[in-house]
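1. I'd like to go over a predicted model; first the sequence, then the structure.
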Amino acid sequence: MGFLVGSQNGVRGGGCFRSLIRRKQVDSVHFKRHGHHQLAKELSVPHLIAIGVGSTIGAGIYILVGTVAREHSGPALFISFLIAGIAAALSAFCYAELASRCPSAGSAYHYSYICVGEGVAWLIGWALILEYTIGGSAVARGISPNLALFFGGQDSLPFFLARQHIPGLDVVVDPCAAVLVLVVTGLLCVGIKESTLAQAVVTSINVCAMLFIIIAGSYLGFKTGWAGYELPAGYFPFGVDGMLAGSATVFFAYIGFDSVASTAEEVKNPQRDLPLGIGLALSICCCLYMLVSVVIVGLVPYYAMDPDTPISSAFAAYGMQWAAYLVAAGAVMALCSTLMGSILPQPRILMAMARDGLLPSFFSDINKKSQVPVKSTLVTGLGSAVLAFFMDVSQLAGMVSVGTLLAFTMVAISVLILRYVPPNEVPFPSSLQEIIDSVSLRYSTGSPDVTKEKSGFYAGTSMDSNLPLLGKATAIEYPIIVKQEAQGNFVINEGSRRKIAGWTITATCVGAFLLAYAASDLTLPRLLRFIVCGIGGALLLFGLIVLTCIEQDDARHTFGHSGGFICPFVPLLPIVCFLVNIYLLINLGAATWTRVSVWLIVGVLVYTFYGRTHSSLLDAVYVPATHADEIYRSSGESSA
């Protein structure tokens, strides 16, 4: 027999579930996405650093240090920032490998679609849309109070920009927030290089303000003897547990570097520049956070810090009232930069989903002059502006973290899949059915060498798979363990290795979830908590040992673009990353998850009635990846 090829037409009867696990092909030097205009390649490492730092360092740092120091960390606040930075670096390593191998728009949505399946990818993309919309609106709402300080007070903005209360609707509208969102939207429509340059300027002002805090604060500290560190309770007044709780809180100060990955298609040299941009941006943010926290906690004892304006109050305590204006300027610049970082990725997520047919093609249009998705950007900007104008979204801020942490979680899983069970099927359009049949015929009637080669592979559609995280199982019946004739050693054959790896990754994810849940839910009976924790820990340890012992898939070397960053310490690093993110997700609270669930249910309905039936993979034909090049060559010859 030749290829066993299958298309979605052949599985329409049970296709609802099978459509959830169909995977698209990764872009590579051999495969380029046709039928779509590409975004302009204008970005280099400095641009990426500006996007990463600008999206990460928000005004939270100007408030967060006071709250976390008073309630959790005390003088050990800088250690909390260090641990949170290391935890964020785990996700950054995973992002760096996938971004350099799959440099297309879409970020975590794109990686999930390639490695896991269409259903998970849709939920990730839908959650990211919510994250960026609410995130941008919340940031815009926070700018006007800080901006008002330069006009004499919190309510001193000009009338046409000041917040107004509408009695009949009991709504406080914020024209300033809406105007700022529209200005940023217009800037993003001009072009990626121009908008990134503007973000670099704004981010530079913010960094200069933080450097002023560090330098001036250090001078005051050495001059006065660092009163904040001369405490009888020591550096850990709340214990190590308090310091770790502070790390979990300040972890969210690091989310934002994933915006760099969303611009992958616009980077000139993604294999080199994307890992550098992500790594340097995160390193700069971590250093600035730690230095600011060291200085501020040293100037004022943690219990005396103002939770709302800790930095301004610290300088005011030493008679430097004028420093409050510099701190306010830094906060405004930080918010403006974060606003740009929140609006920038969403049009690219919408564009990527529209390219795949999961959203209307309207969102995938790229302006020929500016080479950016102007229509998607305008829709994003208008939606965020309306939300910022009418609604105080501060109570919805927790929903922003759900999208980010879900994306971090799926990126970690995608790295494990890439290393151990990378997709070994390639979807082709049904229009190439004749060419696929021709290649299949050549293999079925070929020479003995060809027959020998093809006897060890399979073909078909990944929709027929009943294995977790895998494509269709091999049709060749081999024992799990085979004996090598020459050395006498026992090794696992390739088909069985993929099965074992797939089930092990699944068991590891289940174990991490059980362990995180048992550690978080204090309402469970003590004995039940210990049992669940033990089961989760055992599964996690088992998965780590098995994945460490078995070999990684050789196909990982040819997956996507080669020559990029390689994530170290696999499988340990992605597994720890997954565990940390799952723990943080579980601890976001029931109210947050209730709101997010409503949005996700809406997403399921949209996918069911539109995305599933319009997917570009609806009639795809799946063939072995090892023979895709021959089909490409044959299709090229036939079209020549």
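-> Good, I have the coordinates. Because the structure is predicted, anything quoted here is derived from the model rather than measured.

2. isn't A516 right next to F578, touching?
-> No - using C-beta atoms under 8 Å, A516 is not in contact with F578, being 9.3 Å away. C-beta coordinates here come from the backbone N, C-alpha and C atoms, glycine included.

3. joint contacts of those two?
-> When C-beta atoms under 8 Å, 6 or more residues apart in numbering defines a contact, no residue borders A516 and F578 alike.

4. Report all helices and strands that the lengthiest helix in the chain contacts.
-> The helix that spans the most residues within the chain, counting by DSSP state H, is helix 192-224. The contact analysis (3 or more C-beta pairs under 8 Å, 6 or more residues apart in numbering; DSSP states H and E) places helix 192-224 against helix 45-56, helix 175-190, helix 270-299, helix 310-316, helix 323-343.

5. buried set for it?
-> Buried residues in helix 192-224, counting neighbours by 16 or more other C-beta atoms under 10 Å, are found at 192-193, 195-196, 198-200, 202-203, 206-207, 209-210, 212-214, 216-218, 220-221.

6. same question, stretch 363-378
-> Residues 363-364, 366-367, 370-378 are the ones in stretch 363-378 that count as buried (16+ other C-beta under 10 Å).

7. one step back: so which of the helices and strands packed on helix 192-224 is nearest H627?
-> helix 270-299 (25.9 Å; C-beta to C-beta).

8. So which elements touch that closest one?
-> So helix 270-299, by 3+ C-beta pairs under 8 Å, 6+ apart, packs with helix 45-56, helix 60-68, helix 77-101, helix 192-224, helix 258-262, helix 310-316.

9. Put together TSV for those helices, with distance to L600 and mean pLDDT on each row.
-> Output for the helices and strands packed on helix 270-299, formatted as TSV (distance: least, C-beta to C-beta, whole Å; pLDDT from 0 to 100):
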stretch	distance to L600	mean pLDDT
helix 45-56	24	95
helix 60-68	26	88
helix 77-101	21	95
helix 192-224	30	94
helix 258-262	19	92
helix 310-316	36	90
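
10. Quick one: low-confidence residue ranges for the chain.
-> The model of the chain has pLDDT under 70 over residues 1-16, 28-37, 153-155, 394-395, 443-492, 636-640.

11. Give me the most central residue, it.
-> What sits nearest the mean C-alpha location of the chain, by C-alpha atoms, centre = their mean, is A407, with 4.0 Å.

12. Give me the nearest residue to that residue, chain neighbours excluded.
-> Distance criterion C-beta to C-beta, 6 or more residues apart in numbering; nearest residue to A407, sequence neighbours excluded, is A108 at 3.6 Å.

13. how deep is the one you found tucked in, by neighbour count?
-> If you count neighbours by other C-beta atoms under 10 Å, A108 ends up with 30.

14. so Y109 touches R348, yeah?
-> No - if you go by C-beta under 8 Å, Y109 and R348 don't touch, sitting 9.5 Å apart.

15. List the residues that contact L197.
-> Neighbours of L197 in contact, by C-beta under 8 Å, 6+ apart: H47.

16. Which stretches in the stretch 351-500 of the chain count as helices?
-> Using DSSP state H, counting those that start in this stretch, the helices of the stretch 351-500 of the chain run over 374-390, 398-420, 433-444, 448-454, 494-520.

17. hmm, who's touching the first one?
-> Counting by C-beta under 8 Å, 6+ apart, the neighbours of helix 374-390 from elsewhere in the structure are 132-134, 136-137, 140-141, 171, 173-175, 177-178, 180-182, 184-186, 188-189, 342-343, 346-348, 350-351, 354, 362-367, 393.

18. which of these count as buried?
-> Among the contacts of helix 374-390, those classed as buried by 16+ other C-beta under 10 Å are 132-134, 136-137, 140-141, 173-175, 177-178, 180-182, 184-185, 188-189, 342-343, 346-348, 350-351, 354, 363-364, 366-367, 393.

19. hang on, the earlier thing: any idea how far the residue nearest to A407 lies from P571?
-> 19 Å (C-beta to C-beta, to the nearest Å).

20. ranges for the strands of the stretch 451-600 of the chain?
-> In the stretch 451-600 of the chain, the strands defined using DSSP state E, counting those that start in this stretch lie at 481-483, 490-492.

21. tell me, how many neighbours does I57 end up with?
-> 29.
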